[in-house]
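Trainee: Here is a sequence with its predicted model. Questions after.
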Amino acid sequence: MKAEKALTRFLAAFLTMMALGRGAAQETAVKQATAPEPAAAVPAPLDPAAAKAPPAVKAGGLIQVWFLADQYAAPARSWSEPLTVPNSMALHRTELKLSGAAAQDVSWTLMVDPARALGASESVSSTAFALSGKDASGVTLTGSTAKITTGTNAEFKRIVQDAYLSYKAFSWLELRAGQWKVPFGREGLLPNGELPFVERSFMFSALKWAAARDLGVMATGDTQIEGQKIVLQAGLFQGEPQNSQFDANYVKDPAVRLTLQSPSGLWLGVSRYEGRLGPSADYAGGPSDFNFRTGVELGYSLASFAFQAEYAAGNVMGTGKQTAYGDLGCLLMPQIELLGRYDWVILNDAVWSSGQQYEATLGLNYYFDPKSRNLTKLQLNLVSSGAASAFDPQGDLQGRMNYQVLF
């Protein structure tokens, strides 16, 4: 009897719990049916500035102020600044450079130099002027005349220096089109703000073989083999003066440069340029059309010492020319560097008895910030030239000074 009563109580409690559970479920269903649907999540608004931000643009520049002083009362000798007096200051460079990304793997560079804007053409000219007063011996100079000569450097006096597009096709290959320095020689390709001396060597200053800008296309490939960096540059160029709009002939001038750089500080390189001059030139050509040159380069740096040398030989319109230089620099302390250079050129290697010129230069560089040495520096050069030549009729001493700010 007691078992039956216990079973009856259990069943009654179970049925009661079922009824309560069914009622709660129905109440919940009613609430869910009548409750409003939750609002859909609204995404955070996009930042318009971030969505339409242009690619980053890098800006920089270089200002160089020169002072040249010659030993004699003759025009100061400089091929970059053809002065007409024995000493003068010159605003040599005022470079403004912009660069940025145009698209993925596509970049652009524009560099202008307002100090180079001296007209579309320059020519050698002599100007006569009257002298007055007395010389050191008391002789009256009134009525006497003298002439000063302004040299030509028109192809390097253009406001637009670099303007090109680059495409990074692969991690090891870059393609470029526009105007920039033709790949020839090491010193010529150094940025103007990183030159160890005030003036470049004869390879540029006398022959215009290095640091020459031209319109063209170029491929640059680089790789590393057992730590040795190898770079190959190959391009086709117009072969005309800087900023020229059209080619004087249909021939395009090939240029190739191959360099090897070792972690030990050794640098080796070889360059070749084959050009044609004149409107009648073709790919076969003749000596009167030639504008050829071959160069080799060597560099080595160890601790505070640095050595650099180059040799180049070529044929320009049937005349053989050669040039070579050697630089040696020693960082005496973080802010002071002592340098020496020997520079040589011959304008016609068929006649060694004339047309040669050499310069020996002693240089001192003071770096205002030893951690970023080229940002602000003062360069002092004392130059001794050889016997009288077409470059320097006097064969004298000259002082050169450069003060620069790179930003």
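Mentor: Thanks, I have it.
Trainee: Pull out the buried positions in the longest strand along the chain.
Mentor: Identified as the longest strand of the chain according to DSSP state E is strand 87-103. Going by neighbour count (16 or more other CB atoms under 10 Å), the buried part of strand 87-103 is Ser88, Ala90, His92, Arg93, Thr94, Glu95, Leu96, Lys97, Ser99. Quick note: C-beta positions are derived from backbone N, CA and C, even for glycine.
Trainee: Can you give the strand pairings for it, parallel or anti for each?
Mentor: Paired neighbours of strand 87-103 in the sheet (DSSP bridges): strand 57-70 (antiparallel), strand 106-112 (antiparallel).
Trainee: For that strand, what is the distance to the chain centroid?
Mentor: 10 Å (CA atoms, centre = their mean, to the nearest Å).
Trainee: Also stretch 329-341?
Mentor: 23 Å.
Trainee: shift numbering so it begins at 11
Mentor: Right, with 11 as the first residue, what we last looked at is stretch 339-351.
Trainee: Need the distance between the two termini of that stretch.
Mentor: 9 Å (CA to CA, to the nearest Å).
Trainee: mean confidence for that stretch?
Mentor: Average pLDDT, stretch 339-351: 97.
Trainee: same check, this time on stretch 278-298
Mentor: In the prediction, stretch 278-298 has an average pLDDT of 87.
Trainee: Kindly report the same for stretch 224-234.
Mentor: Here the average pLDDT along stretch 224-234 is 96.
Trainee: can you check stretch 364-381 too?
Mentor: 91.
Trainee: buried set for stretch 291-309?
Mentor: For stretch 291-309, using 16+ other CB under 10 Å, the buried residues are Ala291, Gly295, Asp299, Phe300, Asn301, Phe302, Arg303, Gly305, Val306, Glu307, Gly309.
Trainee: same question, stretch 378-392
Mentor: Buried residues in stretch 378-392 (16+ other CB under 10 Å): Arg383, Asn384, Thr386, Lys387, Gln389, Leu390, Asn391.
Trainee: sec struct for the fifth one, please.
Mentor: Of the three states, Gln389 takes strand according to DSSP: H, G, I helix; E, B strand; the rest coil.
Trainee: hmm, back to that, ok, the buried residues of stretch 291-309 vs Ile169, which is closest?
Mentor: Asn301 (25.1 Å; CB to CB).
Trainee: Give the partner strands of the host helix or strand of the closest one in its sheet and their orientations.
Mentor: Per DSSP states H and E, Asn301 falls inside strand 300-312. Paired neighbours of strand 300-312 in the sheet (DSSP bridges): strand 276-286 (antiparallel), strand 315-326 (antiparallel).
Trainee: Show me the contact partners of it.
Mentor: 194-196, 213, 219-220, 249, 263, 269, 275-287, 316-328 (CB atoms under 8 Å, 6 or more residues apart in numbering).
Trainee: residue boundaries of the strands in the stretch 311-417 of the chain?
Mentor: Secondary structure of the stretch 311-417 of the chain, counting by DSSP state E, counting those that start in this stretch: strands at 315-326, 329-343, 346-356, 366-377, 386-395, 407-416.
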